[in-house]
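Asker: task: produce atomic coordinates for the following.
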Amino acid sequence: MNELRLIRRAAQVLAMLALLVGALALRALHADREVDGTTAGATLTGLLPVVTSLKAHGAADRAGLRVGDVIERVDGRVPQSLAQVERTMASGRHIKLAVQRDGHLANVIM
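Answerer: Presented below is the predicted three-dimensional model:
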């Protein structure tokens, strides 16, 4: 049983390292996007968008998004594309984002 726990923990650590490496690599390649009057950079790693940059004191920053957050859900739905996330954020209405951060799920209301 202890071996299974060690394997599971190792898999979690490797997944976190992969996210971190991906976020760092993408940070160097990101393109800033204008979202609701604030600059927020994001890109896709695998199937889900990852926040790669935030404008200091912008709406996304004030709402609590962090660089490296993986956007798992937008208003309860898995995002189909980065463009969909950007359109929803630019809509001007309040949205709820479920983000993976430091191995935990966090909710951000924008």
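Asker: now do the helices in the chain.
Answerer: Assigned by DSSP state H, the helices in the chain fall at 2-29, 59-63, 82-90.
Asker: just the buried residues of the last one, please?
Answerer: Of all the residues in helix 82-90, those buried under the rule 16 or more other CB atoms under 10 Å are Leu82, Val85, Glu86, Thr88, Met89. Heads up, the C-betas are built off the backbone N, CA and C, glycines and all.
Asker: I'd like to know which of those is nearest to Ala56.
Answerer: Checking the buried residues of helix 82-90 against Ala56 with CB to CB, the nearest one is Met89 at 17.3 Å.
Asker: correct me if wrong: that closest one contacts Lys96.
Answerer: No: counting by CB atoms under 8 Å, Met89 does not reach Lys96; the two are 11.6 Å apart.
Asker: re earlier: which one of the buried residues of helix 82-90 is nearest to Arg62?
Answerer: Met89 (13.1 Å).
Asker: separation between Ala60 and Arg9?
Answerer: According to CB to CB, to the nearest Å, Ala60 and Arg9 sit 32 Å apart.
Asker: between these two, who's got more neighbours?
Answerer: Per other CB atoms under 10 Å, whichever of Ala60 and Arg9 has more neighbours is Ala60, with 24 against 10.
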